[in-house]
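**Student:** Give me the fold of what follows.
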Amino acid sequence: MVDFPPCDDVCGALEGHVRRFFGGRRVEAFTWEAGPVLATNPHFRAATPDAEHGLEFIMTVYYHRRGQLGLGHTCPIGEPWLPGSQCDYILVSLPYPFGPELQECHVGDRHVDFLWLLPITRAEREFKLANGREALERLFDEAGLRYCEIERTSVV
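**Tutor:** Residues are numbered from 1 along each chain as shown. The predicted structure is shown next:
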């Protein structure tokens with residue numbers, strides 16, 4: 001059994017990792033004072049770099065805590081992620097635009113992967129189910145997918 005450092009050390013190290021990666025940009029860290037995230041993971045914190053527009057998919061933390069989300073999983077979000085978008089699912093993916101420098105973090109003996117939630121269309125999800133995550137990501141590469149383009153069309 002691995003003896004993990006106290007949460008303050010782990011949480012601080014993870015937040016520091018994000019701050020170093022986004023050096024020069026303001027990074028805000030926050031937590032919740034009530035709700036399912038607090039009940040299932042009282043040490044949870046979100047660290048988000050300032051941007052013109054940002055989103056946090058809070059419920060994914062709750063689902064993951066119950067062991068239901070991981071690399072390659074998809075999840076319906078109930079409606080398009082933003083007005084004008086066709087993307088009404090998310091794909092748990094590697095943070096390709098940022099590379100392994102953001103993805104990988106080591107805290108003592110503990111390895112933590114930072115993944116991201118990529119908005120995708122229903123057709124892209126169906127393609128992923130039939131052909132696999134890597135096949136879908138190859139289509140994204142071939143199409144030159146602009147990950148944050150709200151009104152993008154499906155690559156499938």
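**Student:** Buried residues, the helix ranked longest in the chain. List them.
**Tutor:** Residue-count comparison of every helix in the chain, with assignments taken from DSSP state H, identifies helix 7-21 as the longest. The neighbour-count criterion (16 or more other CB atoms under 10 Å) identifies Val10, Cys11, Ala13, Leu14, His17, Val18, Phe21 as the buried residues of helix 7-21. Bear in mind the C-beta positions are built from the backbone N, C-alpha and C, glycine included.
**Student:** For the protein, which helix or strand comes out least confident on mean pLDDT?
**Tutor:** Sorting the helices and strands of the chain by mean pLDDT, DSSP states H and E puts helix 58-65 at the bottom, at a mean of 57.
**Student:** tell me the centre residue of this protein?
**Tutor:** Ranked by distance to the mean C-alpha position of the chain (CA atoms, centre = their mean), the top residue is Trp116 at 2.3 Å.
**Student:** how many neighbours does the residue nearest to it when sequence neighbours are not counted have?
**Tutor:** The shortest distance from Trp116 to any residue that is not its chain neighbour, by CB to CB, 6 or more residues apart in numbering, is 4.5 Å, and that residue is Pro95. Neighbours of Pro95 under the rule other CB atoms under 10 Å: 18.
**Student:** what residues are up against Pro95?
**Tutor:** Going by CB atoms under 8 Å, 6 or more residues apart in numbering, Pro95 touches Leu102, Gln103, Phe114, Leu115, Trp116.
**Student:** got the end-to-end distance for stretch 82-93?
**Tutor:** Using CA to CA, to the nearest Å, the span of stretch 82-93 from its first residue to its last is 19 Å.
**Student:** Spell out the residue ranges of the helices in the chain.
**Tutor:** With DSSP H, the ranges of helices along the chain come out as 7-21, 36-40, 58-65, 100-103, 122-131, 133-143.
**Student:** would you turn those helices into CSV with distance to Pro83?
**Tutor:** Conversion of those to CSV gives the following (distance: least, CB to CB, whole Å):
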stretch, distance to Pro83
helix 7-21, 28
helix 36-40, 26
helix 58-65, 20
helix 100-103, 28
helix 122-131, 17
helix 133-143, 23
